[in-house]
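Engineer: model this:
(2 chains)
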2 protein chains.
Amino acid sequence: MRRNDRLITHSESFSILENGQFGTLSTASCDGEPYGVPLNYCLIDNCIYFHCALEGRKINNIAANPKVSFCVVGRTEVLPDKFSTKYESCIVQGFAYESFGEEKQKALEGIVRKYSVDFASEGFEFIEKYKDKTRVFKITIETISGKARR
Amino acid sequence: MRRNDRLITHSESFSILENGQFGTLSTASCDGEPYGVPLNYCLIDNCIYFHCALEGRKINNIAANPKVSFCVVGRTEVLPDKFSTKYESCIVQGFAYESFGEEKQKALEGIVRKYSVDFASEGFEFIEKYKDKTRVFKITIETISGKARR
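Structural biologist: Here you go, the predicted structure:
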């Protein structure tokens, strides 16, 4: 994030995060191996929430090391004659913690509202049916920065 | 990567990597803080190449810890009534090393060919003009895996 002419404001960065369809979560194992994986997510009270299966590499990494990075890319368009690309992206640095109980429920409902707004009541039934087979994690936003060429 | 029904073959994963417009590079600092950043890239002889400025956080991370992860997402489409998303993605685990000389030149030309195929000769002039202000890194592909819901 060196090119100051490509920096965008905090609220523009937040807007990319709010409007993103998916983000890439980066975690690192206890021996420092990074692992990036794309995820759907929602934003509630300035925290990122995602759900996942009961087991997996990202969960193992988070258990050993809760530091994470979360990157969302908005619109992109290659500019062949400029040897450049129009893009907008934001990068969050934060910590991931598992959510339980009411917070987990709110997060799953938030995900249904984001991706399935016209099917909310069926979505809430879906949550009831599968929530014990799902884990939910919250990412706190310690820093957020953004870049764009528009 | 637990859901076996979503796993795709090695060659399908490679095809997502070959056709991706950008990928997210995950690095980790020496104290284990992950950092994910979107990048343009090209593929030459089964290695990923990207270019960047002379300084920056990802370069500092790589200097301290060459282990990286590189994630490319292909087509995605939210399926609101299924509470799911069609997607295809691949994840590479590997090591990043700086490229110099002929290898650096080949990588920059590969990037021009990928993104600016109709402006190749102007692109090669662009490389001559800016290559001393650019660093190039190679990512070896130690493992590649892919997932899809289509």
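
Engineer: Give me the neighbour count for residue A:62.
Structural biologist: Counted with other Cβ atoms under 10 Å in any protein chain shown, the neighbours of residue A:62 add up to 22. In this view, the C-beta of every residue, glycine as well, is placed from N, C-alpha and C.

Engineer: for the helix or strand harbouring it, packing partners?
Structural biologist: Here residue A:62, judged by DSSP states H and E, is contained in helix A:57-64. In this structure, helix A:57-64 packs against strand A:23-28, strand A:34-39, strand A:135-140, with contacts taken as 3 or more Cβ pairs under 8 Å, 6 or more residues apart in numbering or on different chains; DSSP states H and E.

Engineer: go with 6 Å
Structural biologist: strand A:23-28, strand A:34-39 (3 or more Cβ pairs under 6 Å, 6 or more residues apart in numbering or on different chains; DSSP states H and E).

Engineer: and the lengthiest strand in chain A, which strands flank it?
Structural biologist: The single longest strand within chain A, with elements called by DSSP state E, is strand A:84-99. Within its sheet, strand A:84-99 is paired with strand A:67-79 (antiparallel), strand A:135-140 (antiparallel), strand A:143-149 (antiparallel), according to DSSP bridges.

Engineer: can you give me the angle it makes with helix A:57-64?
Structural biologist: Here the directions of strand A:84-99 and helix A:57-64 differ by 60 degrees (axes from the mean of the first three to the mean of the last three Cα atoms, to 10 degrees).

Engineer: There's contact between residue A:91 and residue A:70 in this structure, I believe.
Structural biologist: No. Applying Cβ atoms under 6 Å as the test, residue A:91 and residue A:70 come out as separate, 7.4 Å apart.

Engineer: tell me the contacts of the nearest residue to residue A:48 once chain neighbours are set aside?
Structural biologist: Once flanking residues are discounted, residue A:48 sits nearest to residue A:139: 4.0 Å by Cβ to Cβ, 6 or more residues apart in numbering or on different chains. Applying Cβ atoms under 6 Å, 6 or more residues apart in numbering or on different chains, we find residue A:139 in contact with A:48, A:68, A:70, A:94, A:96.

Engineer: Could you give the bridge partners of residue A:139?
Structural biologist: In this entry, residue A:139 is beta-bridged to residue A:48, residue A:96, by DSSP bridges.

Engineer: From residue A:16, how far off is it?
Structural biologist: Computed as Cβ to Cβ, to the nearest Å, the residue A:139 to residue A:16 distance reads 15 Å.

Engineer: Tell me where chain A is predicted with low confidence.
Structural biologist: For chain A, the stretches flagged by pLDDT under 70 are A:1-3.

Engineer: longest helix anywhere in it?
Structural biologist: Looking across chain A with DSSP state H, the single longest helix is helix A:101-115.
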